[in-house]
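> need a structure here:
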Amino acid sequence: MPSGWEIIVVLVIILLLFGPGRISKVAGEMGKSIKAFKDGLSENKQPEEDDSKESQIKGK
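Okay, the predicted model is just below:
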């Protein structure tokens, strides 16, 4: 299991290799991807909820 110092050293090396601009760009793209994924999941759930509401209305 890596200790705190090992993690810090790895993060510093990554920062030196890629630079702060590229890291922030990658982090922003990851955030957009996660948001799009969550939106896609919520879109899949909405039709099921709509179907259940329609079946309740038809049952009355």
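
> can you list the weak-confidence ranges in this protein?
Flagging of the chain using pLDDT under 70 yields the residue ranges 46-60.

> other SSEs contacting the one helix or strand V9 maps to?
With elements taken from DSSP states H and E, the one containing V9 is helix 4-59. Contact partners of helix 4-59 among helices and strands, from 3 or more CB pairs under 8 Å, 6 or more residues apart in numbering; DSSP states H and E: none. Every C-beta, even on glycine, is put in place using the N, C-alpha and C of the backbone.

> And it, how far out from the chain middle?
Helix 4-59 sits 1 Å away from the centroid of its parent chain (CA atoms, centre = their mean, to the nearest Å).

> Roughly how far does the nearest residue to L15 once chain neighbours are set aside sit from V9?
The spatially closest residue to L15, leaving aside those adjacent along the chain, is I23, at 6.7 Å (CB to CB, 6 or more residues apart in numbering). According to CB to CB, to the nearest Å, I23 stands 16 Å off from V9.
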